[in-house]
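>>> just coords:
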């Protein structure tokens, strides 16, 4: 790896780390982070494939309320470096990604705790009306999240491809990498389960089964599912709107829903 | 005293800052600094001296919502601060009250729409294409998600500012409920499809093998029996098992490790492939 590549790698890692707390532009998602690492390291193809594989794994990892997702940023960056520089299989990439996601979660909890200090510093700046100071606290917190991923990435970037690391990765027996790759195919159910639990609505479960049956017995692609989903949503909104009207208007007209309101 | 008025570029500057809302997320007051930093362009224009420091302090209070849903709240808050700076009778408590009153319901709308529907659907679409090595996969996810996100943040900010406190009464209507339920229906339907079609599990364990009279060999495996019953049955059952475990507060990473163990054991015993 050239010095320029190492510098670019650290930049990509820092951006992914910052995105993992911001959760805005999604640079921390495996699909994007692995692709960018692949681009920097000169093997974008492998980056994209690994990114797609890990994205399926991480589909339901989300920050809701105060709960925190396993850390996709660190996992994607480190795993992509090892697979591309160390010339490892996708299975080996999955093998390292999941424990690293757990480690990254611990690191981000640590940073989010340290940031409490900046919160109190910001209070002091507010006393004196120092807006620059508050902005500084904000962006220091953000940079810590970048450093959190950039430093491990730099270390792994330097070590990856060395004989010791390759020997360690090669020591993983093929039955394990093969097994991990096989589980990679269905581990996404954890993500689906997380998403469904978040929706947390038993009354909407029939719509899940419509989707399931359509997929089981037809050749619909995702666009098709999206279209059926939108139609189902319109019907569902009409029916809850009617319920509301029936409740407020008693026996009176339960039809006539104003469509313009439904469509937002 | 001349009237203090926020202009379009102030709101745009707030929009730009809103993209960094969670930067200093911490366990004490969560998005508080980010909220304050977003409002700084407005507060600096409206207040000086002690009034400014009071305003900064009241926006360093606890705040947490779905990040894209924060922008209408920021817009309303800016509108209220503008009225207050011009002498309207608005006390600190009512500004904080609006913020706190809105962040829960708006998170309740934003979470299922963005985290429950938009991101998993676009990510699954993108990841499916990415598995074939196509750059279209990551691009579709990145461009699609960010276009919708930026539009939400942009319109949210302006809508909140222009509507002001009137938006609070809008919210009590049914529109938000329609939007939440509608997007949940869409999300669940697509996930139903994903569970069946985009989850691969193959159990080629041979149950019986015989040769027909015409010399063709018929192999019956666990998978072929399951497929003739209901394709995607195993992923469906696994999904419900995971939902159950998650509801029992089992750590998702632990479940993932458990499924890894199943995969490795399955391959080792030749049951899975």
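Looks like it arrived, so ask away. Note that this is a predicted model, so its numbers are computed, not measured. Numbers count the residues shown, from 1 in each chain, chains lettered A, B, ... in the order given.
>>> mean confidence score for the lengthiest helix in chain A?
Looking across chain A with DSSP state H, the single longest helix is helix A:90-127. For helix A:90-127, mean pLDDT is 91.
>>> Now the element after it, going C-ward?
Per DSSP states H and E, the first helix or strand lying C-terminal to helix A:90-127 is helix A:131-159.
>>> in the chain, what spans have low per-residue confidence?
By default, I'm working from chain A. A:247-264 (pLDDT under 70).
>>> I was thinking of chain B, sorry if that wasn't clear
Across chain B, the ranges flagged by pLDDT under 70 are B:1-2, B:172-173.
>>> Let me see the ranges of the helices in it.
Using DSSP H, helices in chain B cover B:8-18, B:32-46, B:49-58, B:70-85, B:92-110, B:119-130, B:136-163, B:166-171, B:175-197, B:222-229, B:233-247, B:252-269.
>>> From the centroid of the chain, which residue is nearest?
Here I'm looking at chain A. residue A:29 (4.2 Å; C-alpha atoms, centre = their mean).
>>> my bad, the chain I had in mind was chain B
Among the residues of chain B, the one closest to the centroid is residue B:115, at 2.4 Å (C-alpha atoms, centre = their mean).
>>> so who does that residue touch?
In this structure, residue B:115 makes contact with A:62-64, A:195, A:198, B:66, judged by C-beta atoms under 8 Å, 6 or more residues apart in numbering or on different chains. C-beta here means a position set from N, CA and C on the backbone, and glycine is covered the same way.
>>> Using a markdown table, lay out those residues together with secondary structure.
Converted to a markdown table, the contacts of residue B:115 look like this (DSSP: H, G, I helix; E, B strand; the rest coil):
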| residue | secondary structure |
| --- | --- |
| A:62 | coil |
| A:63 | coil |
| A:64 | coil |
| A:195 | helix |
| A:198 | helix |
| B:66 | coil |
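>>> measure the residue nearest to the centre of chain A to residue B:268 for me?
Residue A:29 sits 32 Å away from residue B:268, going by C-beta to C-beta, to the nearest Å.
>>> try residue B:95
From residue B:95 to residue B:268 the distance is 62 Å (C-beta to C-beta).
>>> And the two? Which one has more around it.
Using other C-beta atoms under 10 Å in any protein chain shown, the more surrounded residue of residue B:95 and residue B:268 is residue B:95, with 20 against 14.
>>> And the more buried one, how far from chain A?
Going from residue B:95 to chain A by C-beta to the nearest C-beta, to the nearest Å gives 15 Å.
>>> ok, for residue A:102, nearest residue in space, not its chain neighbours?
Excluding its sequence neighbours, the residue lying closest to residue A:102 (C-beta to C-beta, 6 or more residues apart in numbering or on different chains) is residue B:253, at 5.1 Å.
>>> Enumerate every residue touching that neighbour.
Residues in contact with residue B:253 (C-beta under 8 Å, 6+ apart) are A:70, A:98, A:101-102, A:105.
>>> same question, residue A:178
A:91, B:267.
>>> What of residue B:167?
By C-beta under 8 Å, 6+ apart, the contact set of residue B:167 is B:72, B:76, B:159-160.
>>> and with 10 Å instead?
For residue B:167, the contact set (C-beta atoms under 10 Å, 6 or more residues apart in numbering or on different chains) comprises B:72-73, B:75-76, B:79, B:98, B:102, B:159-161.
>>> now residue B:40, nearest residue through space, not along the chain?
Excluding the flanking residues, the one nearest residue B:40 by C-beta to C-beta, 6+ apart is residue A:131, at 4.9 Å.
>>> so the one you found makes contact with residue B:33?
No: the criterion here is C-beta atoms under 10 Å, and residue A:131 misses it with residue B:33 at 11.7 Å.
>>> When these two are compared, which one has more neighbours?
residue B:33 (34 against 20).
>>> Next, count neighbours for the closest residue to that one other than its chain neighbours.
Distances taken as C-beta to C-beta, 6+ apart place residue B:24 nearest to residue B:33, at 4.3 Å, with adjacent residues excluded. Neighbourhood size, residue B:24 [other C-beta under 10 Å]: 32.
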